[in-house]
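Student: one predicted model, sequence on top.
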Amino acid sequence: MSFASRMSRVTVSPTLKVAGDADRLRRQGVDVVDLGAGEPDFATPDHVKAAAHAALDANFTKYTPSAGVLELRQAVCQRYQTDYGVDIKPEEVIMTAGAKQALYNTAMALFGAGDEVITHGPFWPSIGDQIKLADATPVIVQTHMEDGFTITAAPIVEEITPRTKGIIINSPCNPTGALMSETEMAALADAAAARGIWVVVDFTYEKLIYEPIAHNLIKVLFDRMRDKTVVCSAASKAYAMTGWRCGWAIGPKDVIAQCNVIQGHSTSNINSMTQKAAIAALTGPQDGVTEMLNEYRRRRDAVHGWLTADPRIVCVKPGGAFYLFPYIADLLSPNGLKSSGEFAEALLKDAAVAVTPGEGFDAPGYFRLSYATSIERLKEGCDRIHAFVDKLESSGKLTAAR
């Protein structure tokens, strides 16, 4: 069967594949500890659900403007004014089916054949594939475990060429949980602004930062290059609204207008009831966000300690998001499991623990573990991982000693 040539440039989302594999085992009656999911295990706040119920009761079930209702776009503007001190107008906002569509619309509106777009690795796989779908070329600048995967400006700036059209920054980063500091973003913005290069920020995990550090990347960018900045984020993580599919892009009104053209010919508006729910999330009490963050911090610290009790599992403690990204080269062997992909596959098959292999994030030798599940299931998952490793060792398939 012949498909469009663009399909040869992209692959299936590794996170969705892991979710599908885990679901198949569960339907067979297997007790799977799913540590692959990239979504909160918390319930959507009651006042948010109530707003959706009220929308249904009021028959708010019709089409809306493709960019979203004015009240919701105003709510996004007010949230960012309160949180970051930036002034945004509703015509500079489009509501999308999650941050993924916001990033996709942006890539399609800004990038094309012959363009290069720089981003940092390990990276969320959709970023690279969306660049390819826009017929542009991704240029990956690797961050490093020994530096805590910290995102810095200098190596990104070094990769700029006359073909560079944009730079995409994901902070906090999926999968590493690493952050970019305001100082580094300022240096990057100055370099990009001088060359007329777009900076796109994937800010999906903006509310999940564990230490009280300055992270107002939006203000830094707006102060330096507002006319070349696009910010993409979502209600998904902060308000436990993954299934509601509510994200947004913020940028110059001309760019947002082009995103609206793309969206108008693909999905049109996001779910009407979701829009009312998102208004309640953005304008209502924010204490639930803090409660989730505190619980994630507790889980992060616990799982990090449990995993690294085996020194062959090396892991940086993340500054944000809700993932650990362990390095397991010492658990791989020519006589046993040769890659983190094989490791993850065997772990799911033999121990019923689902993790996402690092190959999907351009990081072989690692796997991503989500701690967005209960502390009890996390402990069970870690126990199973250690038992699985012990089984590898007893079978002679490991070469490194404990």
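Tutor: Cool, the structure landed.
Student: nearest residue to Pro125 in space, please, no chain neighbours.
Tutor: Sequence neighbours aside, Gly360 is the residue nearest to Pro125 in space, at 5.3 Å (criterion: Cβ to Cβ, 6 or more residues apart in numbering). To be clear about C-beta, it is placed using only N, CA and C from the backbone, and glycine gets the same treatment.
Student: same deal with Ala75?
Tutor: The shortest distance from Ala75 to any non-neighbouring residue, by Cβ to Cβ, 6+ apart, is to Leu282 (4.2 Å).
Student: wait, that neighbour sits on Cys77?
Tutor: No: between Leu282 and Cys77 there is no contact under Cβ atoms under 8 Å: 9.6 Å.
Student: more neighbours, these two?
Tutor: When Leu282 and Cys77 are compared for neighbours, Leu282 comes out ahead with 23 against 19, by other Cβ atoms under 10 Å.
Student: contact partners for that one?
Tutor: Leu72, Ala75, Val76, Gln78, Arg79, Ala235 (Cβ atoms under 8 Å, 6 or more residues apart in numbering).
Student: out of those residues, which comes closest to Ile140?
Tutor: Of all those, the one sitting nearest Ile140 is Ala235; the distance, using Cβ to Cβ, is 28.8 Å.
Student: show me the domain layout of this structure.
Tutor: Following automatic domain parsing, one gets these domains for the chain: 5-43+288-394, 51-283.
Student: before we move on, the earlier item: could I get the contacts of Leu282 as CSV with neighbour count?
Tutor: What follows is the contacts of Leu282, written out as CSV (neighbours: other Cβ atoms under 10 Å):
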residue, neighbour count
Leu72, 26
Ala75, 24
Val76, 25
Gln78, 13
Arg79, 19
Ala235, 28
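Student: and the strands in the protein?
Tutor: In the chain, the strands defined using DSSP state E lie at 33-34, 93-96, 116-121, 137-142, 164-170, 198-202, 229-234, 247-250, 323-324, 353-354, 356-357, 367-370.
Student: isn't Gly396 right up against Ser333?
Tutor: No: if you go by Cβ under 8 Å, Gly396 and Ser333 don't touch, sitting 9.1 Å apart.
Student: these two: which has the busier surroundings?
Tutor: For Gly396 against Ser333, the residue with the higher neighbour count under other Cβ under 10 Å is Ser333, and the figures read 15 against 10.
Student: sorry, back to before: and which of the contacts of Leu282 is nearest Thr229?
Tutor: When those are compared for distance to Thr229 (Cβ to Cβ), Val76 comes out closest, at 15.3 Å.
Student: okay, that closest one and Ala54: tell me how far apart.
Tutor: Computed with Cβ to Cβ, to the nearest Å, the distance linking Val76 and Ala54 is 20 Å.
Student: same check on Phe367?
Tutor: Phe367 sits 42 Å away from Ala54 when distances are taken as Cβ to Cβ.
Student: what about the two, which has more around it?
Tutor: Neighbour tally, Phe367 and Ala54, criterion other Cβ under 10 Å: the higher count belongs to Phe367, 29 against 14.
Student: quick one: the more buried one and Pro357 touch, right?
Tutor: Yes: under the criterion of Cβ under 8 Å, Phe367 lies in contact with Pro357, with a separation of 5.4 Å.
Student: intersection of neighbour lists for the two?
Tutor: The overlap between the contact sets of Phe367 and Pro357 (Cβ under 8 Å, 6+ apart) consists of Ser340, Phe343, Ala344.
Student: ranking the residues you listed by neighbours, who comes first?
Tutor: Each of the shared contacts of Phe367 and Pro357 was scored for neighbours by other Cβ under 10 Å, and Ser340 scores highest at 28 neighbours.
Student: list the residues that contact that one.
Tutor: Listed by Cβ under 8 Å, 6+ apart, the contact partners of Ser340 are Ile328, Leu332, Pro357, Gly358, Glu359, Pro364, Gly365, Tyr366, Phe367.
Student: hmm, 6 Å instead?
Tutor: Pro357, Gly358, Pro364, Gly365, Tyr366, Phe367 (Cβ atoms under 6 Å, 6 or more residues apart in numbering).
Student: and Leu392, by the same measure?
Tutor: With Cβ under 6 Å, 6+ apart as the criterion, the residues that contact Leu392 are Gly336, Leu398.
Student: distance of it relative to Arg384?
Tutor: Distance of Leu392 to Arg384, given as Cβ to Cβ: 13 Å.
Student: please apply the same query to Thr64.
Tutor: When Cβ to Cβ is the yardstick, Thr64 and Arg384 sit 46 Å from each other.
Student: same deal with Phe343?
Tutor: Distance, Phe343 to Arg384, by Cβ to Cβ: 13 Å.
Student: what about stretch 258-273, average pLDDT?
Tutor: Mean per-residue pLDDT for stretch 258-273: 98.
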